[in-house]
Each structure stands twice: as structure tokens, then as C-alpha cells.
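S.K.: What would the 3D arrangement of this be:
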Amino acid sequence: MTMSFCRPSVFSRRTTDPSFACRVVPRAGALALACSLTVALGCEPASDKTDIPNGPSAGGSAGSGSSGSGGVGGSSTGAGPGSGGSGMATAGSGGGETMGGAGGGGAPPSAGPGIPLPMVVTTHYENQGWFGDSVVAAAFAPGAAVIKQEPSAEGPCAARAENARGKCLKITYTPPPGVMPPPLPGGPYVGVFMLTTLLMPHPELTPPGMIGDANWGAEPGKVIAPGAAAITFSAAADTAGTAVTFKAGVMTDPFAIPEKTEMLGTSWQPYSLSLAGQSYEGGVVGAFAWVLQDTSQPATFYLDNIVWE
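M.R.: Okay, the predicted model is just below:
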């Protein structure tokens, strides 16, 4: 099963306190809720502020740290990465992105020479774009405990490989009370994209994109040195057999990597997404994403050493 995501129709501003915004957007003949949560740039949000997930179709922006934002409404079928997020205004199937920036108007900053390989995702993609189907996203609200993604030293993260790079992440998904699979062609889904951050305000977006929001494509992605053959990472789960889907690239990215679903064990196992034949020249917005397709069951899993190499 392939997945595509809709562009977000929400944004949240990065302030000293988390902010949250929701909006109903059309999606494949139905309505979906897009939500976005952000926190102050450079601040680690309190645990009760990081549990607000975003839904699939519209991705929201997340704070630089462990919390993120997302949207809803995207479908879990189709090719193409997710989209949406702070700074983006429109919703649509197929995965949209937003571009944002810092400063007052004008063009985004130049890409520069590029990040050399190996490129550690959790080091360079500090923002989170949360997404989920309309049923899950309806539960997104301040203080909600649906998704929590943050650096950890617990479980498998307490036994990282000596050469592991970047942050070891613990991801916890808690189904909203009474959640049932939505009547969408793609079925239920929820996940998080690892994104860059808007550097400029984007008043042309609806709602306006603000500095610090997650960048779903309104601004260019980060330039990564050419030659990467794969995205490698390690994963484990609290419960053996936990199914998690992995992918990379949002709609505005110049490449499309088919997602792969893996059945995780309780100890670290290596995985990879092939970049063979892919060209990512011009910048990468969505460097990595995970997706759960069973939203009715809680899940806790871990990601480490996510690297383009």
C-alpha cells in the first residue's frame, strides 16, 4: 500500500507558548481536520504539550524539539509523500507542502554548498510535521496525548550502538477514545514527517505561515550533497510485530521513495530506504517519515541513527 498526503490548511506560530490551530479542509469528497502545534524555537516543550498529533492530510508544524504538529485529511493510499504543515494554505490529495521563511518578505535564503554525507536526519531536520486521518485528527487538541515523539534514554535507546549518530527517538501513539477506522479510501493512518523550519513569514499562505513553523515546501528544503544511496536507520518496538511504515519526500521534493512497512522486534534491527535512481538536487523538504496504519491500537517504538549515506 502506498500513501499520499494532502497539503495542510493550518499553521501555528512559534511563540514562547505552544499554539494550536485547526481547520476543516476538503479531501476526496469528505471533510478532514487539519491541525498544527508549535513550540518556541529552541525550547523543549513540557510533556503535556508534546502529545498533540497532527493528522495526515494537512501537516502542521512542530516545534524544534520533541513536539510537532500536523494535519488530517490525507489518504493512506497513493504514491507521493505527505504534505501540509505550517505555512501552507491549501489542501489536496497527493501531498502538499508549505514554504515559509524568516524575516519580512523577499526570497528564501540560498541553498549554500549543501550538507555533506553522511547526513544525520535528526541533526538537520529539527521540525516535525504530524499528520493523520480525519478521525484521529479530530482528537488533536492542547493537552491531548495522541502522539509523543522525543529524544529518549529509555528502552532500546538505553542500549544504543556505540557508533549511533543523531538522536534516539521514542515514539508513542495513543489512540483517541473510541477511535474507529475512517470511511476513507486509504483507510486509517497517522504519522510524523521530519521537516525543516520556515525562516521567513509567508502571509500569502492560508493561514499565513510564520517563522518557526514546519516547512512543507513553501521554502526550499536543505541541500544535501549528491551521492546518497540509501536512508539507513535502526528501529525497535516495545511489542514484537509492531508494523510501522517508513518513507521520505513530500510532494514538492524532486524524488519519490516508495514506502516500506516493517514488522519491528523488541531489539534494534537495521533498515533502509533505497535512493537508487533518485535525484534530490535542489533541496530536500521531507527527509524521513513514519506512518502507522492501524490507528485503533496503541504503539510504542524507537528510531535511531537515521542517516542519508
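
S.K.: Can you show me the strands along the stretch 101-250 of the chain?
M.R.: Taking DSSP state E, counting those that start in this stretch, the strands of the stretch 101-250 of the chain run over residues 119-120, 127-132, 147-151, 169-173, 190-197, 214-215, 230-237, 242-248.

S.K.: and the third one, which strands flank it?
M.R.: In its sheet, strand 147-151 lies beside strand 169-173 (antiparallel), with partners assigned from DSSP bridges.

S.K.: Give me the contacts around the strand it pairs with.
M.R.: Counting by Cβ atoms under 8 Å, 6 or more residues apart in numbering, strand 169-173 makes contact with 53, 122, 146-152, 154-155, 157, 190, 192, 290, 292, 295, 298-304, all of which sit outside it. C-beta: built from backbone N, CA, C; applies to glycine.

S.K.: could you redo the last one with a cut-off of 7 Å?
M.R.: With Cβ atoms under 7 Å, 6 or more residues apart in numbering as the test, strand 169-173 has contacts from 122, 146-152, 154-155, 157, 190, 290, 292, 298-303.

S.K.: what are the ranges of the helices in the chain?
M.R.: Counting by DSSP state H, the chain has helices at residues 121-124, 134-137.

S.K.: by contact count, what packs against the last one?
M.R.: Okay, so that is helix 134-137. Judged by 3 or more Cβ pairs under 7 Å, 6 or more residues apart in numbering; DSSP states H and E, helix 134-137 is in contact with strand 30-38, strand 69-72.

S.K.: which stretch in the ones you listed has the least confidence?
M.R.: Per-stretch mean pLDDT for the helices and strands packed on helix 134-137 is lowest at strand 30-38 (a mean of 36).

S.K.: okay but residue 208 is in contact with residue 198, surely?
M.R.: No - counting by Cβ atoms under 7 Å, residue 208 does not reach residue 198; the two are 10.4 Å apart.

S.K.: of the two, who's got more company?
M.R.: Neighbours were counted for residue 208 and for residue 198 using other Cβ atoms under 10 Å; residue 198 has more, 33 against 16.

S.K.: where does the stretch 101-250 of the chain have low pLDDT?
M.R.: For the stretch 101-250 of the chain, the stretches with pLDDT under 70 are 101-112, 141-143, 181-185.

S.K.: Packed most tightly, which of the strands of the stretch 101-250 of the chain would that be?
M.R.: strand 214-215 (a mean of 40; mean count of other Cβ atoms under 10 Å).

S.K.: Could you measure from residue 123 over to residue 223?
M.R.: 15 Å (Cβ to Cβ, to the nearest Å).

S.K.: between those two, which one's more packed in?
M.R.: residue 223 (17 against 13).

S.K.: Which pLDDT value belongs to residue 87?
M.R.: At residue 87, pLDDT is 33.

S.K.: and if you look at the one 5 residues further on?
M.R.: Taken from the predicted model, the pLDDT recorded for residue 92 is 31.

S.K.: can you offset everything so residue one is 52?
M.R.: Okay, using 52 as the starting number, the last item reads as residue 143.

S.K.: Residues in a beta bridge with the closest residue to residue 324 other than its chain neighbours, which ones?
M.R.: Leaving aside its chain neighbours, residue 324 sits nearest to residue 282 (4.4 Å; criterion: Cβ to Cβ, 6 or more residues apart in numbering). Beta bridges link residue 282 to residue 324, residue 359, judged by DSSP bridges.

S.K.: who touches residue 282 in this structure?
M.R.: By Cβ under 7 Å, 6+ apart, the contact list for residue 282 reads 299, 323-324, 326, 339, 359.

S.K.: what does residue 218 give?
M.R.: Going by Cβ under 7 Å, 6+ apart, residue 218 touches 173, 202.

S.K.: Quick check: it vs residue 350, distance?
M.R.: Taking Cβ to Cβ, one finds residue 218 at 19 Å from residue 350.

S.K.: what do you get for residue 183?
M.R.: 13 Å.

S.K.: Can you give me the neighbour number for the closest residue in space to residue 174 that isn't next to it in sequence?
M.R.: Distances taken as Cβ to Cβ, 6+ apart place residue 217 nearest to residue 174, at 5.3 Å, with adjacent residues excluded. Neighbour count for residue 217, taken as other Cβ under 10 Å: 19.

S.K.: Any figure for the gap between residue 217 and residue 307?
M.R.: From residue 217 to residue 307 the distance is 24 Å (Cβ to Cβ).

S.K.: still on that earlier bit, looking at the helices of the chain, which is nearest to residue 330?
M.R.: helix 172-175 (18.7 Å; Cβ to Cβ).

S.K.: by contact count, what packs against that closest one?
M.R.: Packed next to helix 172-175, using 3+ Cβ pairs under 7 Å, 6+ apart, are strand 350-359.

S.K.: do that again at 8 Å, thanks
M.R.: For helix 172-175, the contact count by 3 or more Cβ pairs under 8 Å, 6 or more residues apart in numbering; DSSP states H and E identifies strand 241-248, strand 350-359 as packing neighbours.

S.K.: Cool, thanks, signing off.
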